[in-house]
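Participant: predicted coordinates and the sequence they were generated for:
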Amino acid sequence: MDQNQLQELLKIAIRAAEVASIKILEVYNSSDFQVNLKDDKSPLTLADRESHRAIEALLKGTGLPILSEEGKSIPYETRKQWKHFWLIDPLDGTKEFIKRNGEFTVNIALIENQTPILGVVAVPVTGDVYYASRGAGAYLKRPDFISPISKRTPADLSRKGLRIVASRSHMNEETEMFIQRLDSPELISAGSSLKFMLLALGNADVYPRFAPTMEWDTAAAHAVINEVGLRVFRQGSEEELLYNKPDLLNPYFICY
């Protein structure tokens with residue numbers, strides 16, 4: 001896919017994320033979230049459903065397949081034929097949404113041969129939109145300006161005082177043990193894919209995730225992270241996360 005095609009798709013993805021954000025805020029500012037429980041007992045709200053519909057309506061015009069939690073039953077035999085497809089999370093951080101703390105996002109990624117080559121992470125409450133495409137850098141779009149996100153230098157894990165970003169909802173013993181091995185770390189908490197964006201902006205150094213995530217949770221942010229010079233490595237490996245696997249569950253990972 002050439003750069004012109006990529007930029008046209010990026011415009012559509014940004015528009016889709018912004019429209020979805022509006023739909024989410026309509027529910028967020030109402031009194032009825034219509035919360036249901038999914039099979040794994042995690043919550044699903046009216047905002048998830050409205051966001052998904054808005055994104056799908058805009059992306060389907062590209063002619064590319066769309067994969068999200070709602071489409072996770074698509075057989076791998078079908079999916080593995082896809083060279084390019086959209087991987088979306090209409091509302092990342094549903095628990096944060098229900099808590100009304102603002103730390104939730106809309107994630108839209110374009111995958112090429114198991115790698116995210118375009119990513120959009122929108123923050124409905126602030127109107128911020130982080131986006132990136134392969135070889136074209138990463139940007140932060142706010143209601144009144146757009147600015148490039150500077151390249152980052154990967155952290156030295158032996159350095160004193162590293163800023164470690166962790167989930168508000170998913171801190172566990174394995175993560176705590178990783179943090180305890182570091183030299184005088186500072187802990188920063190955040191929800192959803194905003195954890196990755198803290199690293200992209202240089203406001204944190206390391207994000208260890210030793211708890212379950214799905215491919216749609218990480219793909220869009222992964223594209224942004226790569227364009228600022230950082231990586232998302234499988235735990236204990238120098239290989240990055242891959243997408244469109246037979247099992248859509250991510251392995252544990254460290255981003256730095």
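Facilitator: All right, it came through fine. Numbers count the residues shown, from 1 in each chain.
Participant: against which helices or strands is the longest helix along the chain packed?
Facilitator: Ranked by residue count, the top helix of the chain under DSSP state H comes out as helix 3-28. Applying 3 or more Cβ pairs under 8 Å, 6 or more residues apart in numbering; DSSP states H and E, one finds that helix 3-28 makes contact with helix 46-59, strand 84-92, strand 105-112, strand 115-123, strand 128-133. No exception for glycine: its C-beta is placed from N, CA and C like everyone else's.
Participant: next, the angle strand 128-133 makes with that helix.
Facilitator: Interaxial angle, helix 3-28 versus strand 128-133 (axes from the mean of the first three to the mean of the last three Cα atoms, to 10 degrees): 160 degrees.
Participant: show me which residues of stretch 127-142 are buried.
Facilitator: The neighbour-count check on stretch 127-142 (16 or more other Cβ atoms under 10 Å) flags 128-134, 138-141 as buried.
Participant: check stretch 245-256 too.
Facilitator: 248, 250-256.
Participant: end to end, how far does that stretch reach?
Facilitator: End-to-end distance for stretch 245-256: 23 Å, by Cα to Cα, to the nearest Å.
Participant: then stretch 243-256?
Facilitator: For stretch 243-256, the first-to-last residue distance is 19 Å (Cα to Cα).
Participant: now do stretch 53-67
Facilitator: Distance between the two ends of stretch 53-67: 13 Å, counting by Cα to Cα.
Participant: before we move on, what about stretch 78-88?
Facilitator: Criterion Cα to Cα; first-to-last residue distance in stretch 78-88 is 18 Å.
Participant: in it, what counts as buried?
Facilitator: Using 16+ other Cβ under 10 Å as the test for burial, stretch 78-88 gives 79, 82, 84-88.
Participant: I'd like those as JSON lines, with distance to Ile66 and pLDDT appended.
Facilitator: What follows is those, written out as JSON lines (distance: Cβ to Cβ, whole Å; pLDDT from 0 to 100):
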{"residue": "Arg79", "distance to Ile66": "11", "pLDDT": "95"}
{"residue": "Trp82", "distance to Ile66": "10", "pLDDT": "96"}
{"residue": "His84", "distance to Ile66": "11", "pLDDT": "97"}
{"residue": "Phe85", "distance to Ile66": "7", "pLDDT": "98"}
{"residue": "Trp86", "distance to Ile66": "5", "pLDDT": "98"}
{"residue": "Leu87", "distance to Ile66": "8", "pLDDT": "98"}
{"residue": "Ile88", "distance to Ile66": "6", "pLDDT": "97"}
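Participant: return the closest of those with respect to Thr45.
Facilitator: Comparing the buried residues of stretch 78-88 against Thr45 with Cβ to Cβ places Ile88 closest, at 16.1 Å.
Participant: would you confirm that that closest one contacts Ile111?
Facilitator: No. Ile88 is not in contact with Ile111 according to Cβ atoms under 8 Å; the separation is 10.6 Å.
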